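In: this is the structure alone, sequence omitted:
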């Protein structure tokens with residue numbers, strides 16, 4: 001349990017207390033603060049208040065945060081599609097619909113649960129007990145290659161390659177509409193959407209993000225592209241393709257609602273190729289995750305429709 005005492009500045013008033021505490025204690029999210037308020041953990045002059053309470057100059061606010069309870073993460077015998085493995089790393093082809101690591105309200109059936117069963121205690125601990133071995137992520141509804149580290153030395157080595165942008169990461173995506181250029185680069189900063197903090201957006205206050213793309217094939221209403229990540233921001237490809245007017249097909253967050261010929265269960269995006277230097281001897285290793293069945297079916301239908309139109 002931690003306790004904070006805050007005194008509102010003399011020139012500040014009429015700001016909601018949940019926002020004020022969030023801005024003052026930057027390590028606490030606003031939703032978490034609202035929960036603490038609902039539980040009576042935030043008071044003004046020792047009296048409970050609602051999240052909508054407007055602070056006044058010289059208000060004395062007490063914030064008591066409960067002890068963090070770290071749940072037990074249970075190993076689960078979930079089959080893994082292993083593309084490469086040695087004593088330092090393992091590369092898996094993550095299926096669509098699988099969450100990478102546990103999070104509040106979702107502690108089971110994640111990739112980490114499966115890895116803990118497969119690897120036992122041989123997973124790096126740098127990212128904590130909730131993310132053992134995890135050095136980078138892909139979205140729940142994005143399938144494909146993901147590298148996991150078995151020890152801290154390997155974790156630091158792979159993390160450095162990610163930071164240096166030297167790891168080769170290529171994705172295949174089906175986007176809506178036809179992209180005019182055969183190849184291009186989207187260099188646009190990505191940050192939290194100011195209107196919806198649950199989404200990302202291209203924004204001037206964001207962090208630089210660079211996506212290179214090449215058109216593989218054009219169909220009637222869709223385009224198959226290959227994307228190479230130079231940076232690795234949250235939802236990067238999805239946000240960048242929506243930004244240029246060609247959102248990833250099936251994307252329920254950033255998409256344009258265009259109907260897809262098959263049920264994609266989310267964005268038609270697949271992390272295909274992953275290339276890195278092996279921690280043990282710096283030998284270059286490259287893995288390729290085959291396209292999932294739904295992706296192939298999507299392309300087959302597009303091919304047939306295009307053929308019928310010519």
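Out: Happy to help now that I have it. In this text, all values refer to a predicted model and were calculated from it rather than measured experimentally.

In: the stretch 151-300 of the chain: helices as residue ranges?
Out: Using DSSP state H, counting those that start in this stretch, the helices found in the stretch 151-300 of the chain span residues 152-163, 236-243, 293-309.

In: can you redo those as JSON lines with mean neighbour count and mean pLDDT?
Out: (Each C-beta comes from the backbone N, C-alpha and C, glycine too.) Listed next are those as JSON lines, based on neighbours: other CB atoms under 10 Å; pLDDT from 0 to 100:
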{"stretch": "helix 152-163", "mean neighbour count": "17", "mean pLDDT": "93"}
{"stretch": "helix 236-243", "mean neighbour count": "24", "mean pLDDT": "98"}
{"stretch": "helix 293-309", "mean neighbour count": "15", "mean pLDDT": "89"}
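
In: residue ranges with poor pLDDT in the stretch 51-200 of the chain?
Out: Along the stretch 51-200 of the chain, segments meeting pLDDT under 70 span 68-71, 104-105.

In: please enumerate the strands of it.
Out: 60-65, 82-85, 89-94, 143-149, 168-176, 183-187, 190-193, 196-202 (DSSP state E, counting those that start in this stretch).

In: reformat the helices of the stretch 151-300 of the chain as a markdown table; add distance to residue 191.
Out: Putting the helices of the stretch 151-300 of the chain into a markdown table (distance: least, CB to CB, whole Å) gives the following:
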| stretch | distance to residue 191 |
| --- | --- |
| helix 152-163 | 19 |
| helix 236-243 | 10 |
| helix 293-309 | 30 |
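
In: what's the closest of those helices to residue 142?
Out: With distances scored as CB to CB, the stretch of these nearest to residue 142 is helix 236-243 (8.4 Å).

In: what angle separates that closest one from strand 168-176?
Out: 40 degrees (axes from the mean of the first three to the mean of the last three CA atoms, to 10 degrees).

In: nearest to residue 224, of the strands of the stretch 51-200 of the chain?
Out: strand 168-176 (5.6 Å).

In: for residue 92, what are its contacts?
Out: 80-83, 111, 115, 145-146, 148 (CB atoms under 8 Å, 6 or more residues apart in numbering).

In: at 10 Å instead, please
Out: By CB atoms under 10 Å, 6 or more residues apart in numbering, the contact set of residue 92 is 80-85, 98, 111, 114-115, 118, 144-148, 287, 289.

In: which among those residues count as buried?
Out: Using 16 or more other CB atoms under 10 Å as the burial test, the contacts of residue 92 include 80, 83-84, 98, 111, 114-115, 118, 144-148, 287, 289 as buried.

In: could you list the domains of the protein?
Out: 2-65, 73-164, 168-310 (automatic domain parsing).

In: got the end-to-end distance for the shortest one?
Out: Same thing as domain 2-65. 5 Å (CA to CA, to the nearest Å).

In: what do you get for the second one?
Out: Distance across domain 73-164, first residue to last, is 32 Å (CA to CA).

In: centre of the chain to that domain, how far?
Out: Taking CA atoms, centre = their mean, to the nearest Å, the mean C-alpha location of domain 73-164 is offset from the chain mean by 13 Å.

In: any idea how far residue 88 is from residue 268?
Out: 32 Å (CB to CB, to the nearest Å).

In: which of these two has more neighbours?
Out: residue 268 (30 against 19; other CB atoms under 10 Å).

In: once you drop chain neighbours, what's closest to the more buried one?
Out: The spatial neighbour of residue 268 that comes closest, neighbours along the chain excluded (CB to CB, 6 or more residues apart in numbering), is residue 174 at 4.0 Å.
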